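Enquirer: here's my sequence, what's the structure:
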Amino acid sequence: MEIACVIDEQLATPPRPDRAGGPRSGRADLPDPVEAAELGEAMVLALESIGAAVESERAGEAFFSLDGLSGLYGGSAGVLATARRAVGEGKALAAGRTRFAAFLAAGNWSRPVPVAALQPRLRGSEREAEGLVEALRRLGIETVEAFARLSADQVADRFGSLGIEALRLCRGEEEPLRPRTPHEELGEEIELPEGIAGRQLDRALELLVDRLLAVPQRRGRTLLGLRLGARLAAGGSWSVEQGLGRPSASAKVLRNVLTPRLEELPGPATALRLRAVGLGPPARDQLELSVGGSEPRRRRLGAAVREVRAIQGAEALLKILPVDSASRVPERWAMLTPYPEL
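Expert: Below is the predicted model of the structure:
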């Protein structure tokens, strides 16, 4: 089996400088953790869009098997070329017989491979991994090839379970890939004027919820979870995940659970973003209690909205959303937002 490794040179955790010839990956201008998570997720989604079953357990890294894709894209070279176009620039991509081999190829490690290459691949703590590498060097074992020639008994006696894990990596004895279950993630973002707060921020969230529910890719399905994020005026970003308890596509429900989270913003924001993490069954399959017999009318209205949008597009039905009636700029008094389906 041939495995491909994709490394985002901006997001991947760089190994410590290696006096034995290891590369220095990563840059000094790393994004903040929230932005890094967003960029890493975008890379994985790009790979999944070409049909790859992706394993991604570290920031800025992704592994997938070439075997099932070779027939679609004309062999391994075709798969790698397609993946390279999908993920875009700034990504190192290479293939190997195992994860470790693909990682070495993508990272352009020197030959013979120094034992420092093991450090970012071990599952133990950073301190334990660094201690193992230093111990190997003190014993005169400078390369992966030299380490692989040791017996398992020798390694287990001196280095324990972490040493056995490192030995298996060197010998290509790895577990099969553990790809994640692909999921759709829809998102919307809105730019904010400086100094926005209070009720205006609530209105911005209402607009964001309406836009998210009107995304055509949702196709009437409910949402299972949400991720509310912001780009901060002082630099950096903020993000929080919010479960819904039960699948929902109700704008009122989404606003009620998200509005209190706005109080957790650490400072003024220049942009607000909302993502739907996972999609559930269609909204028409939900059972809701209502007072006054309004449920049948609500269902008919929701079906009518979906029908019009399917024919005329997402912007076919809009409503006026009051934003800042006290503003001297008329354009800030109100905004048009998609009419809710429910």
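
Enquirer: now stretch 236-248, how far from the centre of its chain.
Expert: What separates the centre of stretch 236-248 from the centre of its chain is 14 Å, taken as CA atoms, centre = their mean, to the nearest Å.

Enquirer: let me fix that: stretch 147-161
Expert: So, by CA atoms, centre = their mean, the centroid of stretch 147-161 is 37 Å from its chain's centroid.

Enquirer: quick one: average pLDDT of it?
Expert: In this model, stretch 147-161 carries a mean pLDDT of 94.

Enquirer: flag every buried residue along that stretch.
Expert: Neighbour counts over stretch 147-161 (16 or more other CB atoms under 10 Å) mark 147-148, 150, 155, 159 as buried. No exception for glycine: its C-beta is placed from N, CA and C like everyone else's.

Enquirer: cool, and stretch 84-103?
Expert: 86-87, 91-96, 98-103.

Enquirer: neighbouring contacts of that stretch?
Expert: Contact partners of stretch 84-103, identified using CB atoms under 8 Å, 6 or more residues apart in numbering, comprise 1-10, 43, 46-47, 49-50, 61, 63, 66, 76, 80, 83, 104-108, 117, 121, 169-170, 172, 174, 177.

Enquirer: output it in CSV with nothing but the alpha carbons.
Expert: Extracted as CSV, the C-alpha positions of stretch 84-103 are listed here (Å, rounded to 0.1, in the frame of the first residue of the first chain):
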residue,chain,number,x,y,z
ARG,A,84,-1.5,19.1,-5.1
ARG,A,85,-4.0,21.1,-7.1
ALA,A,86,-6.7,20.6,-4.5
VAL,A,87,-4.7,21.7,-1.4
GLY,A,88,-3.0,24.7,-3.2
GLU,A,89,0.4,26.2,-2.7
GLY,A,90,2.5,26.1,0.4
LYS,A,91,1.9,22.4,1.0
ALA,A,92,4.6,19.6,0.8
LEU,A,93,3.3,16.4,-0.7
ALA,A,94,5.0,13.0,-1.2
ALA,A,95,4.2,9.3,-1.0
GLY,A,96,5.8,6.4,0.7
ARG,A,97,5.2,2.8,1.7
THR,A,98,4.3,3.9,5.3
ARG,A,99,3.3,7.0,7.1
PHE,A,100,6.8,7.5,8.3
ALA,A,101,8.3,7.0,4.8
ALA,A,102,5.8,9.5,3.3
PHE,A,103,6.5,12.0,6.1
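
Enquirer: now intersect the buried residues of stretch 84-103 with the helices, please.
Expert: Here DSSP state H is the test, and these give 86-87, 99-103 as lying in helices.

Enquirer: now the strands for the protein?
Expert: Ranges of strands in the chain, per DSSP state E, are 3-8, 54-55, 61-65, 91-96, 185-191, 221-232, 237-248, 269-277, 279-282, 318-322, 334-338.

Enquirer: redo those strands as a markdown table? Include mean pLDDT.
Expert: Shown next, in a markdown table, are the strands of the chain (pLDDT from 0 to 100):
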| stretch | mean pLDDT |
| --- | --- |
| strand 3-8 | 93 |
| strand 54-55 | 94 |
| strand 61-65 | 95 |
| strand 91-96 | 94 |
| strand 185-191 | 83 |
| strand 221-232 | 86 |
| strand 237-248 | 85 |
| strand 269-277 | 87 |
| strand 279-282 | 79 |
| strand 318-322 | 69 |
| strand 334-338 | 69 |
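
Enquirer: distance to Pro260 added to those strands, as TSV?
Expert: Supplementary listing: the strands of the chain in TSV, determined by distance: least, CB to CB, whole Å:
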stretch	distance to Pro260
strand 3-8	34
strand 54-55	34
strand 61-65	35
strand 91-96	38
strand 185-191	19
strand 221-232	11
strand 237-248	9
strand 269-277	15
strand 279-282	23
strand 318-322	20
strand 334-338	21
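
Enquirer: how about stretch 55-73: buried residues?
Expert: 55-56, 60-66, 69, 73.

Enquirer: find the nearest non-adjacent residue to Glu126, please.
Expert: Once flanking residues are discounted, Glu126 sits nearest to Gln119: 7.9 Å by CB to CB, 6 or more residues apart in numbering.

Enquirer: what's around the one you found, how many residues?
Expert: Using other CB atoms under 10 Å, the number of residues around Gln119 comes to 22.

Enquirer: next: Gly267.
Expert: Gly267, neighbours per other CB under 10 Å, totals 11.

Enquirer: returning to that earlier point: the residue nearest to Glu126 contacts Ala129, doesn't it?
Expert: Yes - the criterion here is CB atoms under 8 Å, and Gln119 meets it with Ala129 at 4.7 Å.

Enquirer: bridged to the residue nearest to Ala214 when sequence neighbours are not counted, which residues?
Expert: Using CB to CB, 6+ apart and skipping the chain neighbours, the partner closest in space to Ala214 is Pro338 (3.4 Å). Taking DSSP bridges as the rule, Pro338 bridges to Leu318.

Enquirer: all set, thanks.
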